[in-house]
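>>> requesting a structural model of the entry that follows:
(one chain, ligands or ions: 1)
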Amino acid sequence: MAVTQTNAVKQCDLLIGGKWVKSDATEFSNVYNPNSGEVIARVPVGGASDVDRAVQAAQRAFPAWADTPVVERARVMMRFKHLLDQNYEKIARQVTLEHGKTFAEAKASVQRGIEVVEFAIGIPSLMMGECMENIATNVDCETMRHPLGVCVGITPFNFPAMVPLWMYPIALVCGNTFVLKPSEKVPLSSMMIAEYLLEAGLPEGVFNIIHGGKQVVDELLTHPLVKAVSFVGSTGIAKYIYEVGCRNGKRVQAAGGAKNHIIIMPDADMDLTVQALQASAFGCAGERCMAGSLALPVGDAAEELLPKLVESVSKMSVGRTDGDTSPDMGPVISADHMKRIKGLIDDGVSEGADLALDGRNLQVKDAANGFFVGPTIFDKALPEMSIVKEEIFGPVLSVVRVKTIEDAIAVGRDCPYGNGAVIYTNDGRAARQFKRYFNAGMIGINVGVPAPMAWFPFTGWNASFYGDLHIQGKEGIAFYTQQKMTMTRWFDNRPSQFQDPIWKGKQ
Ligand code: NAD
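Purely as a prediction, here's the structure:
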């Protein structure tokens, strides 16, 4: 059993060696339904002994799993994918319950995670090495990809199912074993999904789950048996994970926070742009690392864009996502986060930005204790304001009006992050200039959110990513494998077979 019921609140267990077991922790933190503020589970704040038990189990499982033919490892993933498909709505409901996303958003996020499993099923061809015959006289050379050993995933709250799925399907088919430390705010979706991995026939100990915060993370980063760490979360922690992990000899990929720029050229189709911008800024209540949180209308684009945008966004319905209704937007993750977002809106007001839509005093029916902030738009914000510089990670869009595309590109150059950026235009020159010079790793041209699908890497730049090989796609396979080169000399002093008259006759 993944969760045990104590005093009417579920208590999360650890998955170690194929079994759900109790943590050694004495301290617990709460998991909330953000729609109501109710505690729905308690999660152990683990420490060194939980980490060691999980890592040792993963290490014990490693030799047999690494020796299991890659096609058999991929077949486990195929069965896992069928189970995910069959239970897709159930998983999405769990995501909604612990995170607060709308059901439609939750389903889309689970679908994105399933696509990584589809990619992982194809790993046997992508893991193939290279070879060259006769690279020197009578010498052949080849490379093979080998797994690393115990790999670790540390994940954020904002995509409870999808972000962990970016990591372990690839790591596992590459022959590694895995320890997942999901966000302590949303552990339940990962625990539900782990049951399907076991049902798919994954051997005991190949995939493990532990819970906790900084202490557990520090133990994972320093455990001698951990070979690689994948992290997704805020920038300060990403940098810390990268530095501590590298110092302890781990391979690290650490994706951080973001501030994503949306450039609107005067020639853009404003109705389509408003739709896309609204979805980008306010989808998932703005809690996306690829959320379009900073709009840069160029020239007179703002005159047409702003009234249409404010009118459309003000009609968005905000409400509980855990019932029968389907609002456009749900709550944010916690009471603290709600307070922080409202505080940043207060800062924007005091710094002099024009508050075109204010979500601070939103009242949601039947959700007096829920964590809600309404959609908020600041117009005429300036690059030096905190609402422009900081990642708010909530339903707040800041608009900085600029004169030219070059000015928009310059605002991007001053931004410490570098995840995504989008342009809306029909002007090929502007689109090309933007694509070529904008200071971010994921570029969209007339698309809402340019988050890559599983077959491509998630290529954040600057303070949005620490490491070399990114998460997902072929870079994911490179991250979770090490290459071995073999050079073979064949002692053969006979004359070349190509001089043989019979061979010549065949030419
Ligand atoms: P977070 O950094 O607070 O937490 C992420 C993980 O780190 C969690 O598992 C948490 O338990 C752990 N953690 C927290 N504090 C720690 C500490 N002091 N030391 C070690 N580990 C610690 O992030 P969050 O609030 O859960 O998620 C939101 C952030 O994640 C945003 O900044 C968002 O942009 C980012 N994010 C980035 C991407 C990306 O691909 N770049 C994707 C999703 C989310």
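>>> quick check: end-to-end length of stretch 478-492?
Terminal residues of stretch 478-492 lie 36 Å apart, using Cα to Cα, to the nearest Å.
>>> what pLDDT, on average, does that stretch get?
The average pLDDT for stretch 478-492 rounds to 96.
>>> same deal with stretch 19-35?
Model confidence over stretch 19-35, given as mean pLDDT, is 97.
>>> again with stretch 126-142
On average, stretch 126-142 scores 96.
>>> and for residue 322, the neighbour number?
Other residues near residue 322 number 22, with proximity taken as other Cβ atoms under 10 Å. C-betas here are computed from N, CA, C, even on glycine.
>>> list the contacts for it?
33, 35, 36, 96, 97, 100 (Cβ atoms under 8 Å, 6 or more residues apart in numbering).
>>> pretty sure residue 10 is in a helix, no?
No: under DSSP: H, G, I helix; E, B strand; the rest coil, residue 10 falls outside any helix and is assigned strand.
>>> 41 is where my numbering starts, stick with that
Sure, I'll start numbering at 41, so the last one becomes residue 50.
>>> among the contacts of residue 362, name the ones in strands.
Using DSSP state E, the subset of the contacts of residue 362 located in strands is residue 73.
>>> tell me the residues of the stretch 391-540 of the chain that contact the ligand?
Within the stretch 391-540 of the chain, the positions near the ligand by Cβ under 6 Å from any ligand atom are 431, 433, 459, 498, 500, 504.
>>> make it 5 Å
Residues of the stretch 391-540 of the chain lying close to the ligand (Cβ under 5 Å from any ligand atom) are residue 500.
>>> just to revisit the earlier point, tell me which two in the contacts of residue 362 are the farthest apart.
Maximum pairwise distance in the contacts of residue 362, criterion Cβ to Cβ, is 12.4 Å, between 76 and 136.
>>> one step back: out of the contacts of residue 362, grab the one that's most surrounded.
Most neighbours among the contacts of residue 362, by other Cβ under 10 Å: residue 140, with 31 neighbours.
>>> return the distance of that one relative to the ligand.
Using Cβ to the nearest ligand atom, to the nearest Å, we find residue 140 at a distance of 14 Å from the ligand.
>>> okay, now the residue lying closest to residue 416 once chain neighbours are set aside: neighbour count?
Spatially, and ignoring its direct neighbours in sequence, residue 416 is nearest to residue 399 (4.1 Å; Cβ to Cβ, 6 or more residues apart in numbering). By other Cβ under 10 Å, the residues close to residue 399 number 25.
>>> domain-wise, how is the protein divided?
Per automatic domain parsing, the structural domains of the chain span 43-297+500-526, 300-485.
>>> got those as a markdown table, with distance to residue 537 columns?
Listed next are the domains of the chain as a markdown table, based on distance: least, Cβ to Cβ, whole Å:
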| stretch | distance to residue 537 |
| --- | --- |
| domain 43-297+500-526 | 12 |
| domain 300-485 | 50 |
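>>> before we move on, the earlier item: which one among the contacts of residue 362 gets closest to the ligand?
residue 140 (13.6 Å; Cβ to the nearest ligand atom).
>>> shaky segments in the stretch 41-190 of the chain?
41-48 (pLDDT under 70).
>>> ranges for the strands of it?
43-46, 49-52, 54-56, 59-61, 68-73, 78-84, 171-176, 179-187, 190-194 (DSSP state E, counting those that start in this stretch).
>>> check the stretch 291-440 of the chain too.
291-295, 300-304, 332-337, 394-397, 416-419, 436-439.
>>> and those strands as CSV, adding mean pLDDT?
Output for the strands of the stretch 291-440 of the chain, formatted as CSV (pLDDT from 0 to 100):
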stretch, mean pLDDT
strand 291-295, 98
strand 300-304, 98
strand 332-337, 98
strand 394-397, 98
strand 416-419, 98
strand 436-439, 98
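>>> can you list those strands in JSON lines and add mean neighbour count?
Output for the strands of the stretch 291-440 of the chain, formatted as JSON lines (neighbours: other Cβ atoms under 10 Å):
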{"stretch": "strand 291-295", "mean neighbour count": "25"}
{"stretch": "strand 300-304", "mean neighbour count": "28"}
{"stretch": "strand 332-337", "mean neighbour count": "27"}
{"stretch": "strand 394-397", "mean neighbour count": "16"}
{"stretch": "strand 416-419", "mean neighbour count": "25"}
{"stretch": "strand 436-439", "mean neighbour count": "27"}
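>>> tell me which of those sits nearest to residue 512.
Residue 512 lies closest, by Cβ to Cβ, to one member of those: strand 291-295, at 10.0 Å.
>>> pull the distance from the closest one to the chain's centre.
Relative to the chain's own centre, strand 291-295 is displaced by 12 Å; criterion: Cα atoms, centre = their mean, to the nearest Å.
>>> neighbouring contacts of that strand?
Applying Cβ under 8 Å, 6+ apart, the external contacts of strand 291-295 come out as 188, 267-273, 278-279, 281-282, 285-286, 329, 498, 500, 504-511, 519.
>>> ok, back up a step: pick the most deeply packed of the strands of the stretch 41-190 of the chain.
strand 190-194 (a mean of 27; mean count of other Cβ atoms under 10 Å).
>>> whatever helix or strand comes next after it vs the ligand: in contact?
Going down the chain from strand 190-194, the next helix or strand is helix 202-213, by DSSP states H and E. No: residues of helix 202-213 are not located near the ligand by Cβ under 5 Å from any ligand atom, the shortest gap being 5.7 Å.
>>> who does the next helix or strand after helix 202-213 touch, helix- and strand-wise?
Later in the chain than helix 202-213, the nearest helix or strand by DSSP H and E is strand 217-221. Where contact means 3 or more Cβ pairs under 8 Å, 6 or more residues apart in numbering; DSSP states H and E, strand 217-221 is packed against helix 88-107, strand 190-194, helix 202-213, strand 247-249, helix 254-262.
>>> ok now the fourth one, how far from the chain's centre?
Between the centre of strand 247-249 and the centre of its host chain there is 18 Å, according to Cα atoms, centre = their mean.
>>> quickly check: it near the ligand or not.
No: judged by Cβ under 5 Å from any ligand atom, strand 247-249 stays clear of the ligand, getting no closer than 12.0 Å.
>>> sorry, back to before: reformat the strands of the stretch 291-440 of the chain as TSV; add distance to residue 530.
Below are those laid out as TSV (distance: least, Cβ to Cβ, whole Å):
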stretch	distance to residue 530
strand 291-295	35
strand 300-304	56
strand 332-337	59
strand 394-397	74
strand 416-419	71
strand 436-439	66
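>>> would you list the helices and strands packed on strand 217-221 in a markdown table and tack on distance to residue 317?
Shown next, in a markdown table, are those (distance: least, Cβ to Cβ, whole Å):
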| stretch | distance to residue 317 |
| --- | --- |
| helix 88-107 | 43 |
| strand 190-194 | 32 |
| helix 202-213 | 22 |
| strand 247-249 | 37 |
| helix 254-262 | 35 |
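>>> minimum distance to residue 381: which of the ones you listed has it?
helix 202-213 (20.8 Å).
>>> let me see the mean pLDDT of the closest one.
Confidence for helix 202-213, expressed as mean pLDDT, is 98.
>>> would you mind getting the angle between that helix and strand 190-194?
170 degrees (axes from the mean of the first three to the mean of the last three Cα atoms, to 10 degrees).
>>> could you say what helices and strands helix 202-213 packs with?
helix 110-126, helix 143-161, helix 163-166, strand 190-194, strand 217-221, helix 228-239, strand 266-272, helix 513-519.
>>> out of those, flag the one nearest residue 251.
Of the helices and strands packed on helix 202-213, nearest to residue 251 by Cβ to Cβ is strand 217-221, at 7.0 Å.
>>> quick revisit: compare the helices and strands packed on strand 217-221 and report which one is nearest to residue 494.
Checking those against residue 494 by Cβ to Cβ gives helix 202-213 as the closest, at 7.9 Å.
>>> residue contacts, the residue nearest to residue 425 when sequence neighbours are not counted?
Spatially, and ignoring its direct neighbours in sequence, residue 425 is nearest to residue 391 (4.6 Å; Cβ to Cβ, 6+ apart). Residue 391 makes contacts with 422, 425, 426, 427, as judged by Cβ under 8 Å, 6+ apart.
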